[in-house]
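>>> no sequence on this one, just coordinates:
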């Protein structure tokens, strides 16, 4: 029937949408970190496969939340609805200060390394050069996003081709190598030779590195309101997209090991470039260009979405109202984009790529765990709530057990990196009570914030969207207190 055809088309579309959102620059930078912490080729491949399995569990839990609490905003909206404003604000605070800027910094550094690596074949690109190029890229794309929404979306569409070309080329060449018999590093007796004694803590860090490449698995949650039959099509899309991404990532890593020894992969600062130099000969230039296109598009995409999160948080009153304003002519959230750009540049100047991945992945998993704990709490608090999708209770419990083990051992193995992330998240507690919870502030505070907001409006040429009188009403009521 026509209805069945529409259903099929929708779940196929959702599958490709989810796959395209997950596959990004992470696969070009994470393999080195996964292998370093796993200690062997065989265990690193197991981590990649299991990482996909964990994403399936998390996606099913998020699908239930998405149709039970049909609000945009993802984790932030669900946690605010279930646990209240403070916990929701802490997730928003950590996303604005840590997750999005750190992810942007990692992708920008990957872009800079892949662009510069061909010019520094026998050594690592200079520290200052990579930071300068990464910063220039972030500034340029911030300007593009400030100038036009259409330009930003066009860049995203065009540069998506880069990652598909790079991964397709790597996998095809890897299969050719296997067909020619070059798979010594993949033989089980060799693949499980450990360069270091494996420990639970190091395996946990390997999962954190892999999770950076899988980030985006919860993207389908943001479109549940627009899906015609989410009860049927969301699970189908999850069962197709995440196994597909897992297969692509695993095959990409297998391809790497057909041309490089584990030592060579760990020594490379741009794995795909090294792969291309070894196997593509005169066409090796294709690889750095493809990866650069992919990471360039990734930076643009994260700038676009992170600025919209700031925008949403400001509309809810959890961030300064200036961040909820848009340019009078271009209709772009310039203040929110500038905040994201500034935070990214600060992190670019102080972090190293693989430490940054541990940093952002730890906070990501912390957010995922809190959100899925919210699902379990909602099951107990409101057992009769209508749930178009209701997963087996063992799924969130299994995810929570994995979450507890992963975060505890990650904190034990990298106490400074993970601890610092938790400290930054907890700094949001006093900010919440002073900025959001405390309603009867002295008048001079309102006058001061009003002047800053007015100054920001003049500098950025922004105002509240005309279709959003609520935000203006909130501001005016505060000013008259």
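Yep, it's here. What you see is a predicted model, and the numbers here were worked out from it, not measured in a lab.

>>> And stretch 425-438, what's buried?
425, 428, 432, 435, 436 (16 or more other C-beta atoms under 10 Å). From N, CA and C alone the C-beta is placed, and that goes for glycine too.

>>> What of stretch 406-415?
Within stretch 406-415, the residues scored as buried using 16+ other C-beta under 10 Å are 406, 407, 409, 410, 411, 413, 414.

>>> So which of these sit within helices?
Applying DSSP state H to these, the entries found in helices are 406, 407, 409, 410, 411, 413.

>>> which one among those gets closest to residue 347?
residue 410 (19.3 Å; C-beta to C-beta).

>>> dump the residue contacts of that closest one.
201, 204, 205, 208, 358, 362, 365, 418 (C-beta atoms under 8 Å, 6 or more residues apart in numbering).

>>> what residue ranges in the stretch 1-150 of the chain are flagged as low confidence?
In the predicted model, the stretch 1-150 of the chain carries pLDDT under 70 at residues 1-22, 24, 72-73.

>>> for it, what spans make up the helices?
Using DSSP state H, counting those that start in this stretch, the helices found in the stretch 1-150 of the chain span residues 2-22, 26-38, 41-68, 75-83, 85-94, 100-116, 127-147, 149-179.

>>> looking at those, which is closest to residue 395?
Of the helices of the stretch 1-150 of the chain, nearest to residue 395 by C-beta to C-beta is helix 41-68, at 5.4 Å.

>>> the inter-axis angle of that closest one versus helix 26-38?
Inter-element angle recorded for helix 41-68 and helix 26-38: 120 degrees (by axes from the mean of the first three to the mean of the last three C-alpha atoms, to 10 degrees).

>>> Pull out the buried positions in helix 41-68.
41-48, 50-52, 54-68.

>>> Against residue 87, how distant is residue 320?
Going from residue 320 to residue 87 by C-beta to C-beta, to the nearest Å gives 20 Å.

>>> I'd like the average pLDDT over stretch 191-201.
When pLDDT is averaged along stretch 191-201, the result is 83.

>>> how far out from the middle of the chain is that stretch?
28 Å (C-alpha atoms, centre = their mean, to the nearest Å).

>>> and if you look at stretch 394-407?
Using C-alpha atoms, centre = their mean, the offset of stretch 394-407 from its chain centre is 20 Å.

>>> Likewise for stretch 110-127?
24 Å.

>>> ends of that stretch, how far apart?
End-to-end distance of stretch 110-127: 13 Å, with C-alpha to C-alpha, to the nearest Å as the criterion.

>>> tell me the domain ranges of this protein?
2-438, 443-481 (automatic domain parsing).

>>> highest average neighbour count across the ones you listed?
Sort those by mean neighbour count, taking mean count of other C-beta atoms under 10 Å, and domain 2-438 sits at the top with a mean of 19.

>>> got the end-to-end distance for stretch 422-431?
15 Å.

>>> in the chain, which residue is closest to the centre?
With distances taken as C-alpha atoms, centre = their mean, the residue of the chain nearest its centroid is residue 215 (4.4 Å).

>>> Pipe the buried residues of stretch 406-415 into JSON lines and attach distance to residue 188 and pLDDT per row.
Listed next are the buried residues of stretch 406-415 as JSON lines, based on distance: C-beta to C-beta, whole Å; pLDDT from 0 to 100:
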{"residue": "406", "distance to residue 188": "26", "pLDDT": "87"}
{"residue": "407", "distance to residue 188": "31", "pLDDT": "86"}
{"residue": "409", "distance to residue 188": "26", "pLDDT": "86"}
{"residue": "410", "distance to residue 188": "28", "pLDDT": "84"}
{"residue": "411", "distance to residue 188": "33", "pLDDT": "84"}
{"residue": "413", "distance to residue 188": "27", "pLDDT": "82"}
{"residue": "414", "distance to residue 188": "30", "pLDDT": "81"}
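
>>> Just name the closest of those to residue 92, please.
The closest of the buried residues of stretch 406-415 to residue 92 turns out to be residue 407 (C-beta to C-beta; 20.0 Å).

>>> quick one: the closest one from residue 367, how far?
11 Å.

>>> phi, psi of the residue nearest to residue 198 when sequence neighbours are not counted?
Closest residue in space to residue 198, ignoring its immediate chain neighbours: residue 39 at 5.3 Å, by C-beta to C-beta, 6 or more residues apart in numbering. Per-residue torsions, residue 39: phi 90, psi -10 (degrees, to the nearest 10).

>>> Please list all residues in contact with residue 39.
194, 195, 196, 197, 198, 202.

>>> Helices - which of those land there?
Per DSSP H, these map to helices at residue 202.

>>> Redo the contacts of residue 39 as CSV? Include distance to residue 261.
Listed next are the contacts of residue 39 as CSV, based on distance: C-beta to C-beta, whole Å:
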residue, distance to residue 261
194, 15
195, 11
196, 16
197, 20
198, 19
202, 20
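
>>> and which of the contacts of residue 39 is nearest to residue 185?
So of these, ranked by how close each gets to residue 185 (C-beta to C-beta), first place is residue 195, at 12.4 Å.

>>> quick one: the closest one and residue 261 touch, right?
No. At 10.9 Å, residue 195 does not count as touching residue 261 under the criterion of C-beta atoms under 8 Å.

>>> Name all residues that make contact with residue 277.
Contacts here follow C-beta under 8 Å, 6+ apart; on that basis residue 277 touches 121, 284.

>>> ok, now with 7 Å
Neighbouring residues of residue 277 by C-beta atoms under 7 Å, 6 or more residues apart in numbering: residue 284.

>>> chain center to the one helix or strand it maps to, what's the gap?
For residue 277, the host element (DSSP states H and E) is helix 271-279. Relative to its chain's centre, helix 271-279 lies at 26 Å (C-alpha atoms, centre = their mean).

>>> Return the angle between stretch directions for that helix and helix 149-179.
40 degrees.
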